[in-house]
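Trainee: here is my input; please provide its structure:
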Amino acid sequence: MRFSVLVPMYNVEGFISEAIESVLNQTYGDFELILVNDGSSDNTLEISNKYQASDGRIRIITQKNKGLLQARLTGRRNANGEYIVFLDSDDLLSLNALEKLNETIITTNADVVMYKIAIIGLDGSILLQEKHTLEGKDISHDTIIDIFSSSSLLNSLCGKCVKNSLMKSDFINFEQLGHLNMTEDRLQSLYPLYFSKRNTFLNEYLYKYRTNPESITLKVKQKAMNDSIKTYEVIYKYYKNILSAELLEKMTVYHAMQTFGLYLRWLATNTIKRKEKIAKLKELNNNEITKIDKRKIRGIVNKFIFSSITNSRFLIIDIMVLINKIRIKRQR
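Mentor: Purely as a prediction, here's the structure:
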């Protein structure tokens, strides 16, 4: 079997039919569709069962709610395909996605195939087709690791087709990480991107990512911030012994600024008592992933944010939070 398409599901009764049909209607048919029901309490499972009854390529695995990381791990461990394709339960695959991926694999013998993602609205209409960061670039191992180390551009699993053998290498004890929903895809992208022998980029939009215009107003919960910090810590501990000093430095700066950005967003979208605000900042400033040299930070704004937070300048922090609130309000 060429492909296993993995779909973690949690309370997506309004979208799961479209996601399933975008796979079943593929122009290439050598695949299995693995649906991991992560403890849904709505009609997601019932809808999926109806599709399974009429199509033997569908496998459904049900588990108690464990979060996105554990749901994907369950799917990975049950995948029989030579390659794994990741699909979120409210998104869609282009109908020729697997055909294009198969052609690319035959031509390049790639371990990882990356492709473009189109942004769609709730009604499925295309809102944006962005240029991919890898367009026009040499897809060397060094290029991939450099981009991954210093940005979020290669985080998403839903833009990658990965050889199954790479995904089944559990270099990290994922079970110990528990219920992770935030930045878990960055963690799972770590091993295949670093150890793949051949990467290729397919200059076509094979994935449709559904965005909710209202989602930018959702609160950043403390758990989401803690999930991200936990992920950064794990990645740092794994990479610090194998990356060059330059790349490790880039990664540390990226993780630190992302952490501080989450902290500001958390303050802007919640009512936080000053005592709790101070305690959380102290915790962040004592974390290994935020202890970086200010001189390594690029950009005046980033340097200003870093200096204000690491020096606990709460008047300035309050002003930055107010600016965040205004931006969020304007984006509604």
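Trainee: buried stuff in stretch 59-67?
Mentor: Arg59, Ile60, Ile61, Lys66, Gly67 (16 or more other C-beta atoms under 10 Å). C-beta: built from backbone N, CA, C; applies to glycine.
Trainee: stretch 101-120 too?
Mentor: Residues 101-102, 104-105, 110-118, 120 are the ones in stretch 101-120 that count as buried (16+ other C-beta under 10 Å).
Trainee: show me the two of those that sit farthest apart.
Mentor: Asp111 and Ile120 (28.6 Å; C-beta to C-beta).
Trainee: lowest pLDDT pick from the buried residues of stretch 101-120?
Mentor: pLDDT across the buried residues of stretch 101-120 is lowest for Ile120, at 82.
Trainee: sorry, back to before: and the buried residues of stretch 101-120, which is closest to Thr143?
Mentor: Within the buried residues of stretch 101-120, the smallest distance to Thr143 is 11.5 Å, found for Met114 (C-beta to C-beta).
Trainee: I'd assumed that closest one was in a strand, is it?
Mentor: Yes. Assessed with DSSP: H, G, I helix; E, B strand; the rest coil, Met114 lies in a strand.
Trainee: from Leu243, how far out is it?
Mentor: For Met114, the distance to Leu243 (C-beta to C-beta, to the nearest Å) stands at 21 Å.
Trainee: where do the strands sit along the stretch 101-250 of the chain?
Mentor: Using DSSP state E, counting those that start in this stretch, the strands found in the stretch 101-250 of the chain span residues 112-120, 126-129, 160-163, 199-210.
Trainee: so which bits of the longest helix that the chain contains are buried?
Mentor: In the chain, assigned by DSSP state H, the helix with the most residues is helix 245-268. For helix 245-268, the neighbour count (16+ other C-beta under 10 Å) marks 247-268 as buried.
Trainee: residues making contact with that helix?
Mentor: 145-146, 149-152, 220-222, 224-225, 228-229, 232, 235-236, 239-240, 243, 272, 277, 280-281, 284, 287, 289-290, 292, 296-297, 302, 305-306, 309, 317, 320-321, 324-325, 328 (C-beta atoms under 8 Å, 6 or more residues apart in numbering).
Trainee: same question for stretch 37-56.
Mentor: Residues from elsewhere that reach stretch 37-56, judged by C-beta under 8 Å, 6+ apart: 8-13, 16-17, 20, 24, 33, 35, 58-68, 70-71, 89.
Trainee: what's the local residue count around Lys50?
Mentor: Other residues near Lys50 number 11, with proximity taken as other C-beta atoms under 10 Å.
Trainee: quick one: pLDDT of it?
Mentor: 97.
Trainee: and for Thr217?
Mentor: We have a pLDDT of 39 for Thr217.
Trainee: give the rounded mean pLDDT of the longest helix of the chain.
Mentor: pLDDT averaged over helix 245-268 gives 86.
Trainee: next SSE after that helix?
Mentor: helix 274-285 (DSSP states H and E).
Trainee: next helix or strand past that following helix?
Mentor: helix 300-310.
Trainee: buried ones in the helix or strand that comes right after that following helix?
Mentor: Sequence-wise, the next helix or strand downstream of helix 300-310 (DSSP H and E) is helix 314-330. Going by neighbour count (16+ other C-beta under 10 Å), the buried part of helix 314-330 is Ile317, Met320, Val321, Asn324.
Trainee: same question, stretch 32-51
Mentor: For stretch 32-51, using 16+ other C-beta under 10 Å, the buried residues are 32-40, 44-45, 47-48, 51.
Trainee: show me which of the residues you listed is closest to Ser94.
Mentor: Nearest to Ser94 among these, with distances taken as C-beta to C-beta, is Leu33, at 15.6 Å.
Trainee: how close does the closest one sit to Ser307?
Mentor: Taking C-beta to C-beta, one finds Leu33 at 50 Å from Ser307.
Trainee: ok, now Thr211?
Mentor: 33 Å.
Trainee: now do His179
Mentor: Taken as C-beta to C-beta, the span from His179 to Ser307 is 34 Å.
Trainee: and if you look at Leu153?
Mentor: Distance from Leu153 to Ser307, by C-beta to C-beta: 26 Å.
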